[in-house]
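Student: Next comes the sequence, and after it the predicted model I'd like to discuss.
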Amino acid sequence: MYPEPNQQLTYQTDDTVYFFSHAYDPLNNWSAHAVVIWGHVFPTVEHAFQWKKFADREPDIASAILRAPSPWEVIRLKKTIGRGRMPADWHDRRVTVMEELLRAKAAQNEDVRVCLRVTGSRRIVENSPVASFWAYGPDGEGENMMGNLWMKIREELQ
């Protein structure tokens, strides 16, 4: 289904760009795995996560996020119309919300569970060059909360 982890299928040369999904794409919040939760069908975990920030207090923003055609658009909406409008307690709840979403994604998508099994007992790291809380960030010193949540869920599935 997905390529082997060591296959380098996305790269470029001087005159060509080669692309294909990578082996661990199912672990990405932007992967095309719908999640049914909170009475809605979200196209991606990113849609659901950003929606949850605004669902209780900013229904117009939440609605726009739910209808967004891509995770890129979700982030754009969050940064433009949602800027400064998140609930005050969001930072205290964000890990719990993300864990709930990742559990739903794994429960509802067999390929996500397979992907987790393929990781074996190795450490899972979200290798984002910008996110220092959810990933390793630009300096490799980030908290890697996303990887930690996936490892917790993987352990429980075994």
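Tutor: All right, it came through fine. Quantities reported herein were computed from a predicted structural model and do not represent experimental measurements.

Student: Number of residues surrounding Ile153?
Tutor: Other residues near Ile153 come to 19 when the count uses other Cβ atoms under 10 Å. The C-beta positions use only the backbone N, C-alpha and C, and glycine is treated the same way.

Student: ok, the residue lying closest to Val112 once chain neighbours are set aside - contacts?
Tutor: Nearest in space to Val112, with sequence neighbours left out and distances taken as Cβ to Cβ, 6 or more residues apart in numbering, is Pro26 at 4.4 Å. Residues near Pro26 by Cβ atoms under 8 Å, 6 or more residues apart in numbering: 2, 33, 109, 111-112, 114-115.

Student: For my notes, please list these in a markdown table and give pLDDT and neighbour count for each entry.
Tutor: Formatted as a markdown table, the contacts of Pro26 follow (pLDDT from 0 to 100; neighbours: other Cβ atoms under 10 Å):
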| residue | pLDDT | neighbour count |
| --- | --- | --- |
| Tyr2 | 68 | 16 |
| His33 | 97 | 21 |
| Asn109 | 97 | 17 |
| Asp111 | 95 | 14 |
| Val112 | 97 | 22 |
| Val114 | 94 | 12 |
| Cys115 | 94 | 23 |
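
Student: follow-up on the earlier one: could you pull up phi and psi at the residue nearest to Val112?
Tutor: phi -60, psi -20 (degrees, to the nearest 10).

Student: Against Asp111, how distant is it?
Tutor: Look at Pro26 and Asp111: by Cβ to Cβ, to the nearest Å, they are 5 Å apart.
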